[in-house]
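**Q** predicted coordinates and the sequence they were generated for:
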Amino acid sequence: MDRNMTLKIDPETMDIPIDEDGNMVLIYGDETTAQCVRLTLLTWKGGFPLDESHGTDYERIFGRRRSDLESDEVEEVLREAIFQETDVEQIDQLDAETDGRELNVAFSGTLYSGQTISMEVTQQ
């Protein structure tokens with residue numbers, strides 16, 4: 001049995017999909033890692049009651065004026081969040097742009113398996 005298995009969460013609706021037989025859909029391996037990174041980037045640190053250390057420390061970004069942030073602070077916060085997932089070996093590309101009260105993040109990275117994952121997320 002694959003040690004890296006979880007329920008699939010639809011990235012658009014955040015619902016757990018059900019297959020044609022009425023079973024919850026499971027994902028395995030690198031797909032699980034990619035989903036975990038996405039969910040970490042979408043979760044405010046302290047916002048998951050079962051593990052308050054999980055998530056992204058958006059308070060450091062959104063809780064301050066942009067002029068008060070260090071030049072690499074947004075990237076540092078995002079890197080800390082991404083590396084909460086221990087299967088991520090390296091970050092190949094990380095872009096973050098603010099648009100009003102939104103932060104748009106584009107990420108690609110390499111897993112220890114050699115697989116590359118990439119995603120875009122928006123946080124408000």
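**A** All right, it came through fine.

**Q** got the CA coordinates for the lowest-mean-pLDDT helix or strand in the chain in CSV?
**A** Averaged element by element with mean pLDDT, DSSP states H and E, the chain has its least confident helix or strand at helix 59-62 (a mean of 86). Output in CSV follows, covering the C-alpha atoms of helix 59-62 (Å, rounded to 0.1, in the frame of the first residue of the first chain):
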residue,chain,number,x,y,z
GLU,A,59,-0.6,37.4,8.9
ARG,A,60,3.0,38.4,8.3
ILE,A,61,2.0,39.5,4.8
PHE,A,62,-1.5,40.8,5.0
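
**Q** run through who's touching it.
**A** Contacts with helix 59-62, where a contact means CB atoms under 8 Å, 6 or more residues apart in numbering, come from 44-45, 69, 73-74, 77, 101, 103. Just so you know, the C-beta spots here come from the backbone N, C-alpha and C atoms, and that holds for glycine as well.

**Q** next: stretch 13-31.
**A** So stretch 13-31 is contacted by 2, 4-10, 35, 87, 111, 113, 115, 117 (CB under 8 Å, 6+ apart).

**Q** what's the first-to-last distance across it?
**A** 18 Å (CA to CA, to the nearest Å).

**Q** so how far is that stretch from its chain's centroid?
**A** Here the centre of stretch 13-31 is set off from its chain's centre by 18 Å, with CA atoms, centre = their mean, to the nearest Å.

**Q** ok, back up a step: show me which pair in the contacts of stretch 13-31 is furthest apart.
**A** Asp10 and Ser113 (23.8 Å; CB to CB).
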